[in-house]
Every structure is written in C-alpha cells, then in structure tokens.
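J.: When you get a sec, could you give me coordinates for this:
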Amino acid sequence: MIPQVQLITELDASVWRLLIQNLSALSDTELDWRPHPAAGSIRGIVGYLAWFEEWTTDALWGDGRYLTDNGPRPYTDLPFVEVRGRLEMANGRYRRRVDELREKDLRRRISFLRKQELSVLDLLRMHPLHIAGHRFQIRYIRAAYSRMKSGRNTVSEPWAAA
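T.: Numbers count the residues shown, from 1 in each chain. Sure thing, here's the model as predicted:
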C-alpha cells in the first residue's frame with residue numbers, strides 16, 4: 001500500500017471501529033428520537049452514511065452512484081438492519097478499492113457531488129473526518145436520549161467509549 005494512504009486507512013479503521021461501537025444496542029425508539037424536532041435522528045444519519053460510503057467507493061473508480069447521484073440519497077425507507085448491512089458492505093468495498101489504488105490514482109481529479117473538484121487523495125483524507133463528524137452526532141443524540149430517559153451520565157455505557 002502507498003505509505004501516505006496507509007496512515008489514512010489506519011485512521012479510517014480506528015474511526016470506523018468507534019462508529020460501530022457507538023451503534024451497538026440501539027432500540028427503535030432511540031433510532032428515531034430527535035433532540036429537537038428540526039434535528040436529525042440516528043436512523044437518518046446511518047442512512048446517510050450508508051449512501052455516502054457507496055458514493056465514495058464508486059467515486060474512487062468513477063462508476064456507480066458517482067455517475068448518477070447529484071446529492072445525498074440517504075436510505076430512509078429500509079429496515080435499520082438492512083441499512084446497517086449496506087453501510088458495512090459499502091465500507092468493506094471502500095477498503096478493498098483503497099487497497100487497489102496506485103500512486104497515479106491519487107492525483108486523479110473527481111467531482112465532489114458536482115459542487116467542487118478534488119483529488120482522490122483529498123477524498124481519502126476527508127473520509128475518516130467525515131465519518132468521525134457523524135459519529136460524534138450519534139454520540140450526542142445517544143447521550144441526550146439517555147439523560148432524558150434515565151437522568152444519568154452515559155460515560156459508562158458500552159456504546160460511549162472514546
């Protein structure tokens with residue numbers, strides 16, 4: 001693997017592991033709860049992340065959703081177990097595609113949702129940061145929900161690690 005990509009993929013794997021931990025033991029009520037009527041839910045965030053993983057994977061080679069989607073198309077109409085399955089499958093596909101990249105691929109320019117141009121390397125750098133941002137949204141929602149329901153701090157909850 002290309003050395004600069006190796007470091008990015010290590011960070012990516014760490015963020016991914018923490019995201020999966022944060023998604024453990026969710027009830028349907030907690031999946032759909034919103035801290036404010038205008039806020040998103042965990043179900044919506046995960047539906048978006050599943051789409052984003054698919055789009056990002058396709059953007060690496062210029063096929064699939066990269067060619068058809070002009071903006072986010074989150075999965076909101078599927079059972080959560082299917083959405084999470086899509087998320088995990090897409091992440092596995094993303095990792096395999098990253099492993100196949102060569103030095104020349106990193107300089108290739110892509111269109112980020114037809115809004116801005118960036119290199120494949122820039123997309124790789126953005127990926128773990130993007131996942132981490134949404135992971136912290138999920139942590140926030142879970143913590144607020146837990147405090148609302150039980151009135152206690154969530155630091156000791158298994159999903160709240162790191």
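J.: hey, let's count contacts and neighbours off CA atoms from now on
T.: OK.
J.: residue ranges of the strands in the chain, please?
T.: Secondary structure of the chain, counting by DSSP state E: strands at 109-112, 116-119.
J.: how about those strands, which one is nearest Thr9?
T.: Within those, the stretch nearest Thr9 is strand 116-119; the backing value is 16.4 Å (CA to CA).
J.: Counting neighbours, which bits of the closest one end up buried?
T.: Residues Ser119 are the ones in strand 116-119 that count as buried (16 or more other CA atoms under 10 Å).
J.: Stretch 14-28 now?
T.: Val15, Trp16, Leu18, Leu19, Gln21, Asn22, Leu23.
J.: Quick check: the farthest pair among the residues you listed?
T.: So, the buried residues of stretch 14-28 by CA to CA: farthest apart are Val15 and Leu23, at 12.5 Å.
J.: Please name whichever of the strands of the chain is nearest to Gly85.
T.: Minimum separation from Gly85 across the strands of the chain (CA to CA) falls at strand 109-112, 24.7 Å.
J.: Show me the strands paired with the closest one, marking each as parallel or antiparallel.
T.: Partners of strand 109-112 in the sheet, by DSSP bridges, are strand 116-119 (antiparallel).
J.: who touches stretch 2-13?
T.: Residues from elsewhere that reach stretch 2-13 (CA atoms under 8 Å, 6 or more residues apart in numbering): Arg95, Arg102, Glu103, Leu121, Leu124, Arg125, His127, Pro128.
J.: I'd say the last one and Arg17 touch.
T.: Right, Pro128. No - the criterion here is CA atoms under 8 Å, and Pro128 misses it with Arg17 at 11.2 Å.
J.: And the residue of the chain positioned farthest from its centre, how close does it get to Ala143?
T.: Relative to the centre of the chain, the most outlying C-alpha is that of Gly151, 29.1 Å out, by CA atoms, centre = their mean. With distances taken as CA to CA, to the nearest Å, Gly151 is found 10 Å from Ala143.
J.: returning to what we had before: Serialize the strands of the chain to JSON lines and add fields for mean pLDDT.
T.: Output for the strands of the chain, formatted as JSON lines (pLDDT from 0 to 100):
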{"stretch": "strand 109-112", "mean pLDDT": "94"}
{"stretch": "strand 116-119", "mean pLDDT": "95"}
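J.: if we can go back for a sec, dump the contacts of stretch 2-13 into CSV; add pLDDT, neighbour count and distance to Val5 as well.
T.: Listed next are the contacts of stretch 2-13 as CSV, based on pLDDT from 0 to 100; neighbours: other CA atoms under 10 Å; distance: CA to CA, whole Å:
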residue, pLDDT, neighbour count, distance to Val5
Arg95, 96, 14, 11
Arg102, 95, 12, 10
Glu103, 95, 13, 9
Leu121, 97, 20, 8
Leu124, 97, 18, 8
Arg125, 97, 18, 9
His127, 97, 19, 12
Pro128, 97, 19, 12
